[in-house]
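[1] sequence and predicted structure below; questions after.
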Amino acid sequence: MYRQVQKFNEKWREVYNYIHQRRRENTYRKIKRSEIITEEQRERINTVGINLDYKMFTRIEQKRTKTSEIMGVFSKIKTNNSTFFSKTKCEDGHNWWVSFEFYPFAVGERHTVFEGRMYNQHGYWSQSKAVVKSLNDEIGSENNLQFAITCSEKSRSLADTFKDEFPNTKHLKFAQPCLSEMDSVSVFNTPFRYIKGYEKQLAEHEHVLIEEFIDGDYQLFIDSDGIRRQESELLDTFLHYSYVESNGDFVICKLEGVERDKDIKLSGVTIHSRNRSFGPCDHGEQGILNVFKNHRCNDICKNWPTPAFGLVPSAPVGSETKIDIMDILKSDAAVLFSSKTDLVSPPPYENLTNADIRKIEDRPMVHGQCIQKV
């Protein structure tokens, strides 16, 4: 638009100069024809011509200045939401930036989620569908979003171990979020906030999470309190497995995503840990107890340690004395998810009496760990 205005101004100036020159020539011609031209008249004609040129030049410059100011204002108006290249890499080793919508397609307890397109350093042809997650109640920063990346990495590592232990099951895959900073925030976000009725207001230089879009029937299988929302014995087992494999240090829950033919793609997990090292959603030991109060064991994990039965060592276990509980209990996993079974739920932690605790303490110890009699 600016170039078009500039070309118009140049063309108009050429036309005006041509017309003005013809007028001056006609004036000289008329005076010469009458043969009464004087020096005063000649000076007046030249002065009028100079003044007209100066006035027109001034008008053109003023118009050009106004056009530049208008275009400058428009250039500062940002019409799209986009981020810089991510500060962390995806599992394939790429940094991504994303351009996304003016309004979210989902709002959760902690995140407002937008849909967009992400690109890596290879340009337009690298585009793929993505989601952008921003914090609901605060402006995202590197510190308060790093926990999501840590939870994802921990879950992916444990899922690989789980697949080695149970090779005949579907592979559990966890989306790897990338940390990125907002580059531009669209002016259209504000009207869409009122039209769509959401509260999140994006800010420039706010940090967000970029994730690959998981296509399919997105479901919440197990929530952050361990309550089963959808039937999945595999994920029930994985939840319990995370507690056993970590020697009771943490439990992975809030398992949501899409179940496919060969795998289950999950995103946005929550981890409750003893030392509360996995962010604001980590509710510590109380979170672990809440999960196991709601967890329903199956034939695979019904004899595994739980906090309700006190099967976790009271003292920390060093790496040199770590017990591979999966080797001890692998014989119980001969039949894996082949048929529906009666579910067994461990008793709540609060219902244990002193007599129950004494019974637990009297049970035989194996390598310093209390094993439940079956």
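    Yep, it's here.
[2] next up, the contacts around residue 98.
    Shown in contact with residue 98 (CB atoms under 8 Å, 6 or more residues apart in numbering): 82, 83, 116, 117, 118, 119, 130, 132, 180, 210. In this view, the C-beta of every residue, glycine as well, is placed from N, C-alpha and C.
[3] oh, that last question was meant for residue 201, not what I typed.
    189, 190, 193.
[4] list the buried ones in the helix or strand where the second one lies?
    Meaning residue 190. Applying DSSP states H and E as the criterion places residue 190 in helix 189-196. Of all the residues in helix 189-196, those buried under the rule 16 or more other CB atoms under 10 Å are 189, 193.
[5] can you pull out the helices in the stretch 101-250 of the chain?
    142-165, 189-196, 233-245 (DSSP state H, counting those that start in this stretch).
[6] for residue 275, which of those is the nearest?
    Each of the helices of the stretch 101-250 of the chain has some distance to residue 275 by CB to CB; the shortest is helix 142-165, at 13.0 Å.
[7] which residues touch the closest one?
    With contacts defined as CB under 8 Å, 6+ apart, helix 142-165 is touched by 87-88, 91, 133, 135, 138, 169, 171-177, 179, 207-209, 238, 241-242, 245-246, 250, 252, 266, 268-271, 278-282, 326, 330.
[8] which of the residues you listed count as buried?
    By neighbour count, with 16+ other CB under 10 Å, those hold 88, 133, 135, 169, 172-177, 179, 207-209, 238, 241-242, 245-246, 250, 252, 266, 268-271, 278-279, 281-282, 326 as buried.
[9] lowest-confidence stretch among the helices of the stretch 101-250 of the chain?
    Least confidently modelled of these is helix 189-196, at a mean of 87 by mean pLDDT.
[10] contacts for that one?
    Helix 189-196 has contacts (CB under 8 Å, 6+ apart) with 81, 102, 103, 104, 199, 200, 201, 202.
[11] output it as CSV - backbone C-alpha positions only.
    Only the C-alpha atoms of helix 189-196 are listed here, as CSV (Å, rounded to 0.1, in the frame of the first residue of the first chain):
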residue,chain,number,x,y,z
ASN,A,189,-7.3,-11.7,20.6
THR,A,190,-9.2,-9.1,22.7
PRO,A,191,-12.5,-9.2,20.7
PHE,A,192,-12.3,-13.0,20.4
ARG,A,193,-11.9,-13.2,24.2
TYR,A,194,-15.3,-11.6,24.6
ILE,A,195,-16.9,-13.5,21.7
LYS,A,196,-15.6,-16.9,22.7
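[12] any stretches of this protein with poor pLDDT?
    Residue ranges of the chain with pLDDT under 70: 1-9, 11-13, 15-76, 308-374.
[13] hang on, the earlier thing: from the contacts of residue 201, which is closest to residue 224?
    Lowest distance from residue 224 to the contacts of residue 201 (CB to CB) belongs to residue 193, with 27.4 Å.
[14] where's the closest one relative to residue 138, distance?
    Computed as CB to CB, to the nearest Å, the residue 193 to residue 138 distance reads 17 Å.
[15] what do you get for residue 213?
    In this view, residue 213 and residue 138 are 25 Å apart by CB to CB.
[16] do residue 14 as well
    According to CB to CB, residue 14 stands 59 Å off from residue 138.
[17] my guess is residue 89 contacts residue 120, does it?
    No. Under the criterion of CB atoms under 8 Å, residue 89 makes no contact with residue 120, lying 9.8 Å away.
[18] give me the common contacts of the two.
    Applying CB under 8 Å, 6+ apart, one finds that residue 89 and residue 120 are jointly contacted by residue 95.
[19] between these two, who's got more neighbours?
    residue 120 (19 against 14; other CB atoms under 10 Å).
[20] the host helix or strand of residue 99: partners in the sheet, and parallel or antiparallel?
    For residue 99, the host element (DSSP H and E) is strand 97-100. Strand 97-100 pairs in its sheet with strand 81-83 (antiparallel), strand 111-119 (antiparallel), by DSSP bridges.
[21] tilt between the longest one and helix 142-165?
    Think strand 111-119. Strand 111-119 runs at 80 degrees relative to helix 142-165, counting by axes from the mean of the first three to the mean of the last three CA atoms, to 10 degrees.
[22] contacts made by strand 111-119 with the rest, please.
    Strand 111-119 is contacted by residues 81, 96-101, 103-107, 126-136, 198, 200, 209-210, 212-213, 268 when judged by CB under 8 Å, 6+ apart.
[23] swap in the shortest one?
    By CB under 8 Å, 6+ apart, the residues outside strand 81-83 that reach it are 97-102, 114, 116, 132, 180-186, 189, 202, 208, 210.
[24] same thing with stretch 209-218?
    For stretch 209-218, contacts defined as CB under 8 Å, 6+ apart pick out 83, 86, 90, 96, 98, 111, 115, 118, 128-134, 140, 145, 148-149, 175-180, 256-260, 265, 267.
[25] domains in this structure, by residue range?
    Annotated domains of the chain cover 2-76, 81-150+176-212, 219-370 [automatic domain parsing].
[26] pull up the distance across stretch 279-287, start to finish.
    With CA to CA, to the nearest Å as the measure, stretch 279-287 spans 13 Å from end to end.
[27] ugh, wrong one, I meant stretch 103-119
    Counting by CA to CA, you get 20 Å between the two ends of stretch 103-119.
[28] renumber starting at 29 from here on
    New numbering, starting at 29: the last item is stretch 131-147.
[29] would you mark the buried spots in it?
    Quick answer for stretch 131-147 (16+ other CB under 10 Å): 131, 132, 138, 139, 140, 141, 142, 143, 144, 145, 146, 147.
[30] what about residue 173, how many residues close to it?
    Using other CB under 10 Å, residue 173 has 22 neighbouring residues.
[31] likewise for residue 319?
    By other CB under 10 Å, the residues close to residue 319 number 28.
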